[in-house]
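Peer 1: No letters, just coordinates:
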């Protein structure tokens, strides 16, 4: 049974996984199906966490929209996630940035990593 599940999961993996880390500001190009039409919606924000492994790996992105915090969790290997574009790299020392949920304004910013 485990071998069959493993084969199915390996078939669902993407060939190229986007390279980004926690704290980075990313643009997620998400395909949305509305009836017969499909369109691409861009969700730009800070990566709060990356969790899981294999084809179950997910990442959470947070942005502030009209003064209200919005978080979305995307599966890494989903066919609906067309691409993930890194806008800027963040300088962080934690694996999960859940403390950003309590911050407002400039306090919710992550410093940019100088290359």
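Peer 2: Thanks, I have the structure now. Just so it is clear, the structure is predicted and the values come from calculations on it, not from any experiment. Residues are numbered from 1 along each chain as shown.

Peer 1: Going by C-alpha atoms from here, please, whenever you check contacts or count neighbours.
Peer 2: Noted.

Peer 1: what's the longest strand along the chain in contact with?
Peer 2: Taking DSSP state E as the criterion, the chain has its longest strand at strand 37-51. Outside of strand 37-51, the residues within contact range by CA atoms under 8 Å, 6 or more residues apart in numbering are 21-33, 57-64, 95-98.

Peer 1: again, but for stretch 14-31
Peer 2: Applying CA under 8 Å, 6+ apart, the external contacts of stretch 14-31 come out as 38-50, 76-77, 80-92, 94-97, 110.

Peer 1: Then stretch 71-87?
Peer 2: By CA under 8 Å, 6+ apart, stretch 71-87 touches 12-14, 17-18, 20, 24-32, 55-63.

Peer 1: Could I get the buried residue list for it?
Peer 2: Buried residues in stretch 71-87, counting neighbours by 16 or more other CA atoms under 10 Å, are found at 71, 74, 75, 76, 77, 78, 81, 83, 84, 86.

Peer 1: which one of the residues you listed is nearest residue 103?
Peer 2: Closest approach between those and residue 103, by CA to CA: residue 71, at 14.1 Å.

Peer 1: what about the closest one, helix or strand, and which?
Peer 2: Applying DSSP states H and E as the criterion places residue 71 in strand 68-75.

Peer 1: In contact with residue 100, which residues are there?
Peer 2: residue 108.

Peer 1: okay, it: pLDDT?
Peer 2: The model reports residue 100 with a pLDDT of 93.

Peer 1: Is it in a helix, a strand, or coil?
Peer 2: Classification of residue 100 using DSSP: H, G, I helix; E, B strand; the rest coil returns helix.

Peer 1: Just the ones of the contacts of stretch 71-87 in helices?
Peer 2: residue 12 (DSSP state H).

Peer 1: In strands, which of the contacts of stretch 71-87 appear?
Peer 2: Reading strands off these with DSSP E, I get 25-32, 58-63.

Peer 1: Find the nearest non-adjacent residue to the residue positioned nearest the centre of the chain, please.
Peer 2: For the chain, the residue nearest the mean C-alpha position is residue 59 (4.0 Å; CA atoms, centre = their mean). Residue nearest to residue 59 in three dimensions, not counting chain neighbours: residue 50, with 4.3 Å by CA to CA, 6 or more residues apart in numbering.
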